[in-house]
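S.K.: Take this sequence and fold it.
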Amino acid sequence: MANAQIIVAGILDTKGEEIKFLAERVRAAGGKATVLELSVGHEVGWADISLSEVVKREGKKIEDIFALDRKLASDLVASGAIKLVKEMFQDGAVDGIIAYGGSMGASIATRIMQALPIGVPKIMLTTMASGDVAPYVGTSDICMIYPIAEAGLNKVTRQILNNAAGAVVGMASAPEMEGIQDKPLIGCMMFGVTTPCVLRASSIIEKDGYDVIINHAVGSGGRSMEDLIRDGYITGMLDITTHEIGDEMLGGVLGAGPHRMTAAGEMGIPQVVAPGGLDLINFGPKSTVPERLLKETDQPGRGLYEHNPTVTCIGVSMDEVYRIGEHMADKLNAARGPSVLCVPMRGWGACDLASPDIELGWAGPGAGPVWAADSQNPEWSRRSVEYVKALKAKIDANKDNLEVILVDKHMNDPVFADLMAGLLLEMLNGTWRKGSKSDLQYIIPF
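M.R.: Below is the predicted model:
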């Protein structure tokens, strides 16, 4: 690649010297630096891309933004810069972007970064990187670096800025990958309690000529997957682990927002779904679990599970799982493409099984911490039975593209993984038909 074209961005009226130094180090590393001004106080006059040029994209003049408060001014600058940088990228004039700033600078610069495609190198140097970076990263591939200090050039900050400049130029100058075939990409969601199922099912998909991207179902993972689907990256969805839906509804910390499990249906791509991990509500340390839930741990399935000092789980109640079933049925009813929901009647993850079984993820002692046996069939999870009641009340059974399959297996049983993978492969090759698995001995009529 010729000299990598790097946008160097920042609020120049407060971080001007630092941005100048960063641009100089980009050039020293072999890149072509273009300084983009994101100031909200006044225009400095020396940037390669001036603030006037930025706000012009919004039909505004400098005087207009300086008459606004900083929040409104920053929104206007961010909006104009996004349009400008996207134009530059489409013209082939952007190979990477790096920025330096405090909270305001990071807020503006990372919005620009989020607007660029996945794979374009993006580095944000900010002291905000030592805290919650979710608002800055979003679902993009932004690299956050903690620069120790908010401002000033000295023997500490110069070294950090120099390293970052070398990093962004190196990322933007990475050699082309040769001899690698791009295969159709299948989306998959995983959490620790569903790992055996996910690994087996994804390996089957890969052997059939697909690549699989396995996102961690921790909130950001689900949001990223929905974005990947809408951006056209995903050919089919192996949605084994859907507990982010439960966390979103029930106040857990790993919710993925209201749009989780909607993109595949809207885009019409094949999806095979399971209630993986929906037996659990996730919290941080035990001290963060709401007191009302701790008082209910003597109720069926409401058990408490301390995964580690920073992760505590509470079992989903029978009333809650019914509501989750109704919610998921509504999402599936709206799906345009082939969609199957597979329900493992013997438990939904490593914490939800009747007896110890290391292959299924629970070493014991005793049953999984959130297990509750059905009174009519003790081998079945009571939670599964309640969930199925909700599905029967809400699912649109008349849709030819939608099916619910009840499976007399545990989530992490190899047979269940094989079934899910096989269904998706049939959808992808156009041979799937509703009801085609009803003659299998472990399938229960819905």
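S.K.: only C-alpha atoms for contact and neighbour calcs from this point on.
M.R.: Fine.
S.K.: Output the below-cut-off pLDDT ranges for the chain.
M.R.: For the chain, the stretches with pLDDT under 70 are 1.
S.K.: what's the domain layout of it?
M.R.: 5-172, 185-444 (automatic domain parsing).
S.K.: Turn those domains into JSON lines, including distance to Glu178.
M.R.: Below are those laid out as JSON lines (distance: least, C-alpha to C-alpha, whole Å):
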{"stretch": "domain 5-172", "distance to Glu178": "16"}
{"stretch": "domain 185-444", "distance to Glu178": "17"}
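S.K.: I'd like these as a markdown table, with distance to Gly179 and mean neighbour count appended.
M.R.: A markdown table is the format used below for the domains of the chain (distance: least, C-alpha to C-alpha, whole Å; neighbours: other C-alpha atoms under 10 Å):
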| stretch | distance to Gly179 | mean neighbour count |
| --- | --- | --- |
| domain 5-172 | 19 | 20 |
| domain 185-444 | 16 | 20 |
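S.K.: Isn't Lys183 up against Val212?
M.R.: No. Lys183 is beyond contact range of Val212, at 9.2 Å (criterion: C-alpha atoms under 8 Å).
S.K.: As a check, name the ranges of all helices in the stretch 101-250 of the chain.
M.R.: 103-114, 134-137, 157-172, 195-207, 220-230, 243-250 (DSSP state H, counting those that start in this stretch).
S.K.: can you put the ones you listed in CSV and add distance to Tyr146?
M.R.: Compiled in CSV, the helices of the stretch 101-250 of the chain are given as follows (distance: least, C-alpha to C-alpha, whole Å):
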stretch, distance to Tyr146
helix 103-114, 12
helix 134-137, 13
helix 157-172, 9
helix 195-207, 33
helix 220-230, 21
helix 243-250, 29
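S.K.: Looking at these, spot the one closest to Asp413.
M.R.: helix 195-207 (7.0 Å; C-alpha to C-alpha).
S.K.: and the longest helix along the chain, what does it pack onto?
M.R.: Counting residues, the longest helix in the chain under DSSP state H turns out to be helix 70-90. Helix 70-90 sits against helix 51-56, helix 62-66, helix 103-114, with contacts defined as 3 or more C-alpha pairs under 8 Å, 6 or more residues apart in numbering; DSSP states H and E.
S.K.: and it with helix 103-114, angle?
M.R.: 30 degrees (axes from the mean of the first three to the mean of the last three C-alpha atoms, to 10 degrees).
S.K.: How far off centre is helix 70-90?
M.R.: 24 Å (C-alpha atoms, centre = their mean, to the nearest Å).
S.K.: what's downstream of that helix, the next helix or strand?
M.R.: strand 96-100 (DSSP states H and E).
S.K.: Kindly export that following strand (C-alpha atoms) in PDB.
M.R.: C-alpha atoms of strand 96-100 as PDB (Å, rounded to 0.1, in the frame of the first residue of the first chain):
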ATOM      1  CA  GLY A  96      -7.600   4.800   9.100                       C
ATOM      2  CA  ILE A  97      -8.500   7.300  11.800                       C
ATOM      3  CA  ILE A  98      -6.900   8.200  15.200                       C
ATOM      4  CA  ALA A  99      -8.100  10.800  17.700                       C
ATOM      5  CA  TYR A 100      -7.000  12.200  21.100                       C
END
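S.K.: re the thing from before, which of the helices of the stretch 101-250 of the chain sits closest to Gly276?
M.R.: That would be helix 243-250 among the helices of the stretch 101-250 of the chain, by C-alpha to C-alpha, at 6.2 Å.
S.K.: Packing partners of that closest one?
M.R.: Using 3+ C-alpha pairs under 8 Å, 6+ apart: helix 243-250 touches strand 280-283, helix 318-333.
S.K.: Compile these into JSON lines and extend it with columns for distance to Gly435.
M.R.: What follows is those, written out as JSON lines (distance: least, C-alpha to C-alpha, whole Å):
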{"stretch": "strand 280-283", "distance to Gly435": "30"}
{"stretch": "helix 318-333", "distance to Gly435": "17"}
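S.K.: Those: which one's closest to Val85?
M.R.: Of all the helices and strands packed on helix 243-250, helix 318-333 comes closest under C-alpha to C-alpha, at 35.9 Å.
S.K.: and Thr312, what element?
M.R.: strand 311-315.
S.K.: List the strands paired with that strand, with their directions.
M.R.: According to DSSP bridges, strand 311-315 forms sheet pairs with strand 280-283 (antiparallel), strand 304-308 (antiparallel).
S.K.: neighbouring contacts of the first one?
M.R.: Contact partners of strand 280-283, identified using C-alpha atoms under 8 Å, 6 or more residues apart in numbering, comprise 243, 246-247, 250-254, 289, 311-316, 370.
S.K.: Not counting sequence-adjacent ones, nearest residue to the residue most central in space within the chain?
M.R.: Using C-alpha atoms, centre = their mean, the residue of the chain that lies closest to the mean C-alpha position is Gly221, 2.1 Å off. Spatial nearest neighbour of Gly221, chain neighbours left out: Asn215 (5.2 Å); criterion: C-alpha to C-alpha, 6 or more residues apart in numbering.
S.K.: Was I right to think the one you found contacts Met225?
M.R.: Yes. The criterion here is C-alpha under 8 Å, and Asn215 meets it with Met225 at 7.1 Å.
S.K.: Need the overlap of contacts for the two.
M.R.: Joint contacts of Asn215 and Met225 (C-alpha under 8 Å, 6+ apart) are Gly187.
S.K.: And Met267, its phi and psi?
M.R.: Dihedral pair for Met267: phi -80, psi -10, per degrees, to the nearest 10.
S.K.: what is Val273 paired to in the beta sheet?
M.R.: Here Val273, judged by DSSP bridges, has bridge partners Asp239, Leu341.
S.K.: quick one: it from Ala93, how far?
M.R.: 42 Å (C-alpha to C-alpha, to the nearest Å).
S.K.: So Ile7: helix, strand or coil?
M.R.: strand (DSSP: H, G, I helix; E, B strand; the rest coil).
S.K.: Disregarding residues adjacent in the polypeptide, which is nearest to it?
M.R.: The nearest residue in space to Ile7 (C-alpha to C-alpha, 6+ apart) is Ile97, at 4.5 Å.
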